[in-house]
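Enquirer: fold the following for me, if possible:
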Amino acid sequence: MFAARATGLVKLVGLCLMAGVLVAAVLFPVVGGLGLASNRAADTVDQTSGELTKAELPLVTTVLDMNGQPIAYLYDQYRIPVPSEGIADTMKAAIIAIEDKRFFEHKGVDWQGIARAAAKAGVDGGASQGASTLTQQYVKNYLAFVVGKGSEEAYEKATEVTLGRKISEARIATQLEQKMSKDEILTAYLNVVPFGNGAFGVGAAARTYFDTTPDKLTVPQAAMLAGLVNEPSRLNPGSDVDAAIKRRNTVIERMRDNGAFGPDAKVAEEKAAEYKAADIGVVPDLKLLPNGCVGAGDGPVYGFFCRYLVDYLEKAGLPTEELLRGGYTITTTMDPVATRAAKDAAMAQVPKTQPGVANAMAVVEPGTDKHRVRALAANRDFGNNADAGQSAYSIPAEVTKFGAGSIYKVFTAAAALERGVTGIDKQIDVPKTYTSKVYKDGNKPYTVKNAADYKEKMTLTEAMAQSPNTAFIILEEKTGLNNVVDMASRLGLRESMQGVDWKGDPLKTDGSNGPSQGEVYKRDNSGSFTLGAGPTSVLELSNVAATIVSGGKWCPPTPVEKIVDRNGKPVQLKEAACDQAVAPEVANALATAMSADVKPGGTAAAAASGWDRPMIGKTGTTENHWSVAFLGATPQFAGAVMTFTDGVAPQVICSGTPPRLCGTNDAGGVYGGQVAAPTWFNAMRVIHDGKPRADLPPVEPRFR
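Expert: Residues are numbered from 1 along each chain as shown. Below you'll find the model as predicted:
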């Protein structure tokens, strides 16, 4: 007994001393010898209190498709800020009753509350209670969740039990009371404080627990939310209904005692009893807001586009950290119809759970001022469960480790046309085998052969459709390898050529894994470039096609239509400017040269059966059959598909229903016309449905 009383006496003395120190610290600034240091401290407090009056709270960024429908939400803290008039009086009364019943009487620090806490500690050894006002709690929560961004370290710092923190908190609170009205402070508090289950602020809490807005909160609902502020984890109504109801009823009793139900004691008691008898009222499934790229809409389908968007914005000057706090509204270029069509077409060829075989598609809308990304899809779902056929990598957008095969002959043809080496109707040599006089295979001569029998000479247009290897090695020699590599970058493979090393890994800022893939081909004088074995991005392939049918105008493949900030003001990005990659006449000639691949005799003819729109196309198959691809475009839409091995160890992809990994025996290896091209046509039939027929542009005679 004596020890307990002694302990209580110590606490009483300590709290009295703390109260005295707080009074001195708040009311009497230090002067004299401290001089400049005192002024700086006061300036810091002024600055902090000024920030709290502005309260730039972390908000949710909403991502919309091209039609304005949400596809994802990105946030650190789920918060829906509301003005004072948007909060029911029941909510205000509940939080005041349970947290600070003298809120309208004190000036930021409740000296009577401190005295009561000291007296309680002195009588029964109880913990310090009742000494922190709503204004002080607002300061604490703002420092923890706004300034400190909700980190564990920031929370511990903002809530540590030290005299220094209490002094600082009290000083800021008293200054806030001079700058803000009581209602402004109460509203700010209710917008910042956490209510559990990821909900910050009463707007998100009302939605999460009751699927309503804070202006419609009933007394039992408001009381439950007010009770959560004390211990949101322990009192979670989603896991412990009894504890939540008990705490809610305590709040209701405090509201009664504080006069919230009127001055008549009998009537107030009857109302309190009625409210306490009410059901908990929480919705069966809490309205938790999805967070991240597996978010609203169809996350497993839309997630690849979302992932590309986040990465694109990071490079364009809107970092992810800002996205998660800034409350932006982003209208994207994503077409849900095109995305679903691409997804369905990819899965029709390769089921999402097929081991080791990925099938990815990108769709870009051509244009001379903007290249809008309309779809990024794959047979895989977007997610983290590989066993369920999911992938968290943006496989349609990132540079894959695999090549696009003979699609790279497009770059040789483009460079040859630009430099006048040939025309689309001119005959070029097509020997069965060819040993280069320019390129080497290590210390040996570089010899290539064709995969089929061809006539000894054919036009460039025929060669683009039938794809003989020897013809394009000869063209590459005549045109110059460096010019061909540069053409690949100019037309659209900018990240594939300049941003990754020869293995497809992103270049490090310190240059330790350089040079770039394009520079390696130039350095090593690798004639195999035109056969397309190197790492390639599906999206960039799609953008190559868009550049060609846009009259040679390259634009970055953008996922963004517009962005506005939390105040509705437009946000400008640092996007690359469009440029004229090749002259329109060169692009138009190349387009016509690529138009025969889908006609009889072309490598994509079977997949194009029934297709009646003018288009460009080119299939590709790597020599080891680890990947195949198809690139195609009409004047309205451009797209590319790559099918590649995404298992732990690359293997040959063998044809079949569905395609499968088959070790190292490439005898039954799949070709681009078999999987990639059918995926493209099946998707594009849906995407073009209802669109008018559009012709390819004419060719100038000098490029014939």
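
Enquirer: just the strands in the stretch 351-500 of the chain please.
Expert: Applying DSSP state E, counting those that start in this stretch to the stretch 351-500 of the chain gives strands spanning 357-365, 371-378, 381-382, 390-391, 427-429, 433-441, 444-449, 457-459.

Enquirer: for residue 606, find the nearest of those.
Expert: strand 357-365 (17.7 Å; Cβ to Cβ). (Glycine included, C-beta is placed from N, CA and C.)

Enquirer: tell me what the closest one is packed against?
Expert: Counting contacts by 3 or more Cβ pairs under 8 Å, 6 or more residues apart in numbering; DSSP states H and E, strand 357-365 is packed against helix 336-349, strand 371-378, helix 538-549, strand 638-645, helix 676-687.

Enquirer: which stretches in the stretch 201-350 of the chain count as strands?
Expert: 329-332.

Enquirer: against residue 223, how distant is the spatially closest residue to residue 213 that is not a sequence neighbour?
Expert: Of all residues not flanking residue 213 in the chain, residue 206 sits nearest, at 5.8 Å (Cβ to Cβ, 6 or more residues apart in numbering). Between residue 206 and residue 223 the distance, using Cβ to Cβ, to the nearest Å, works out to 13 Å.

Enquirer: of those two, which one has the most company?
Expert: A count of neighbours by other Cβ atoms under 10 Å puts residue 223 above the other of residue 206 and residue 223, at 33 against 28.

Enquirer: test my guess that that one contacts residue 248.
Expert: Yes. If you go by Cβ atoms under 8 Å, residue 223 and residue 248 touch, sitting 4.7 Å apart.

Enquirer: chain center to stretch 330-350, what's the gap?
Expert: Centre-to-centre, stretch 330-350 and its host chain are 17 Å apart (Cα atoms, centre = their mean, to the nearest Å).

Enquirer: can I get that stretch in CSV? Just the C-alpha atoms.
Expert: Output in CSV follows, covering the C-alpha atoms of stretch 330-350 (Å, rounded to 0.1, in the frame of the first residue of the first chain):
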residue,chain,number,x,y,z
ILE,A,330,-5.2,10.1,-64.6
THR,A,331,-7.2,9.5,-67.7
THR,A,332,-5.3,6.9,-69.7
THR,A,333,-5.3,5.8,-73.3
MET,A,334,-6.4,2.2,-72.4
ASP,A,335,-9.2,0.9,-74.5
PRO,A,336,-11.0,-1.9,-72.4
VAL,A,337,-12.5,-3.4,-75.6
ALA,A,338,-9.1,-3.7,-77.2
THR,A,339,-7.5,-5.0,-74.0
ARG,A,340,-10.1,-7.7,-73.6
ALA,A,341,-9.8,-8.7,-77.2
ALA,A,342,-6.0,-8.9,-77.0
LYS,A,343,-6.3,-10.9,-73.7
ASP,A,344,-8.8,-13.4,-75.2
ALA,A,345,-6.8,-13.8,-78.3
ALA,A,346,-3.6,-14.5,-76.4
MET,A,347,-5.2,-17.1,-74.2
ALA,A,348,-6.9,-18.7,-77.1
GLN,A,349,-3.5,-19.6,-78.5
VAL,A,350,-1.7,-20.3,-75.2
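
Enquirer: what comes up buried for that stretch?
Expert: Across stretch 330-350, burial judged by 16 or more other Cβ atoms under 10 Å covers 330-336, 338-347, 349-350.

Enquirer: stretch 320-330 now?
Expert: Applying 16+ other Cβ under 10 Å to stretch 320-330 flags 323, 324, 325, 326, 327, 328, 329, 330 as buried.

Enquirer: got it, and stretch 436-445?
Expert: 436, 439.

Enquirer: please state the offset of that stretch from the chain centre?
Expert: Here the centre of stretch 436-445 is set off from its chain's centre by 46 Å, with Cα atoms, centre = their mean.

Enquirer: mind putting the helices and strands packed on strand 357-365 in CSV, mean pLDDT included?
Expert: Formatted as CSV, the helices and strands packed on strand 357-365 follow (pLDDT from 0 to 100):
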stretch, mean pLDDT
helix 336-349, 98
strand 371-378, 98
helix 538-549, 98
strand 638-645, 97
helix 676-687, 98
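
Enquirer: let's have the ones you listed in CSV, adding distance to residue 301.
Expert: Supplementary listing: the helices and strands packed on strand 357-365 in CSV, determined by distance: least, Cβ to Cβ, whole Å:
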stretch, distance to residue 301
helix 336-349, 5
strand 371-378, 7
helix 538-549, 16
strand 638-645, 16
helix 676-687, 13
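
Enquirer: right, and those - which one's nearest residue 625?
Expert: Within these, the stretch nearest residue 625 is strand 638-645; the backing value is 9.1 Å (Cβ to Cβ).

Enquirer: nearest to residue 406, out of the strands of the stretch 351-500 of the chain?
Expert: Closest among these, using Cβ to Cβ: strand 444-449, at 11.9 Å.

Enquirer: which residues are in contact with the closest one?
Expert: 432-436, 439-441, 469-470, 473, 527-528, 531 (Cβ atoms under 8 Å, 6 or more residues apart in numbering).

Enquirer: filter these down to the buried ones.
Expert: The neighbour count (16+ other Cβ under 10 Å) marks 434, 436, 439, 469, 470, 473, 527, 528, 531 as buried among the contacts of strand 444-449.
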